[in-house]
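Trainee: I would like the atomic coordinates for the input below:
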Amino acid sequence: MKGQKRGRYSTHKDNSHQQSQNHSSVFCANAQCSAGNHDCDLWTECPMFKGGEVAANEQKPSKYRSEKVEILGIRFDSKREARRWFELTTLEKAGEIKNLRRQVKFELIPTQREPDITGKRGGIKHGRVLENEVSYYADFVYEDRDGQTVVEDTKGVRTPEYIIKRKLLLWRYGIKIQEI
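Mentor: Numbering: from 1, shown residues only. Predicted coordinates for the structure are as follows:
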């Protein structure tokens with residue numbers, strides 16, 4: 001059994017890949033390979049490599065398949081967000097809404113720190129951070145005709161994290177998010 005590993009992994013062809021005996025998938029053992037769990041037999045067949053080098057022009061799609069867009073020098077996280085921005089700017093020019101803003105930060109839970117300490121010479125030393133703040137960035141915030149603040153978010157996927165932040169925003173500020 002010389003050249004083979006015992007236990008969970010066994011040697012695969014040229015030692016460049018390892019296959020788990022418990023799973024049917026093949027794992028790429030190259031340190032430059034960012035996927036690490038795709039099916040391939042040899043380095044030349046690996047989708048992350050072209051002739052032994054990383055394929056720089058192939059980008060992995062975003063987690064929720066949204067495409068970042070730049071229009072007139074403004075960057076948007078999705079095409080839907082860009083389309084809604086231009087709809088809202090048209091409404092603002094028509095006088096339907098006012099004070100339109102993008103990516104407005106709402107602090108939901110402040111930073112949690114240890115208590116401050118007064119030094120020997122009377123200076124204040126801030127306590128170390130225990131937990132960072134939790135913030136929500138609204139896609140769009142504006143005021144409608146009645147002067148009410150409106151918060152909009154262009155959502156494709158409602159993640160559990162988003163749902164919690166939506167509830168915290170309602171609890172802390174009394175603002176209900178309009179999902180587009």
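
Trainee: tell me the domain ranges of the chain?
Mentor: The chain is divided into the following domains under automatic domain parsing: 9-54, 69-179.

Trainee: Work out for me the element residue 84 sits within.
Mentor: helix 79-94 (DSSP states H and E).

Trainee: quick one: the helices in the protein?
Mentor: 79-94, 160-173 (DSSP state H).

Trainee: so can I have CSV of the domains of the chain showing mean pLDDT?
Mentor: Below are these laid out as CSV (pLDDT from 0 to 100):
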stretch, mean pLDDT
domain 9-54, 42
domain 69-179, 94
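
Trainee: Tell me which of the ones you listed lies nearest to residue 60.
Mentor: Smallest distance to residue 60 across these (CB to CB): 7.9 Å, for domain 9-54. C-beta: built from backbone N, CA, C; applies to glycine.

Trainee: Now the lengthiest strand in the chain: buried residues?
Mentor: Counting by DSSP state E, the longest strand found in the chain is strand 98-109. Within strand 98-109, the residues scored as buried using 16 or more other CB atoms under 10 Å are 100, 106, 108.

Trainee: which ones are touching the second one?
Mentor: When the contact criterion is CB atoms under 8 Å, 6 or more residues apart in numbering, the partners of residue 106 are 135, 136, 137, 138, 169, 172, 173, 175.

Trainee: who's in contact with the first one?
Mentor: So that's residue 135. Taking CB under 8 Å, 6+ apart, one finds 105, 106, 107, 108 in contact with residue 135.

Trainee: how far away is the last one from residue 160?
Mentor: Here residue 108 is placed at a distance of 15 Å from residue 160 (CB to CB, to the nearest Å).

Trainee: likewise residue 92?
Mentor: Where residue 160 is concerned, residue 92 sits at a distance of 33 Å (CB to CB).

Trainee: So for these two, which sits in the more crowded spot?
Mentor: Between residue 92 and residue 160, counted using other CB atoms under 10 Å, residue 92 has the larger neighbour count: 15 against 7.

Trainee: ok, now which ones touch the closest residue to the more buried one other than its chain neighbours?
Mentor: Nearest non-adjacent residue to residue 92, counting by CB to CB, 6 or more residues apart in numbering: residue 100, 4.8 Å away. Taking CB under 8 Å, 6+ apart, we find residue 100 in contact with 88, 89, 92, 140, 141, 142.
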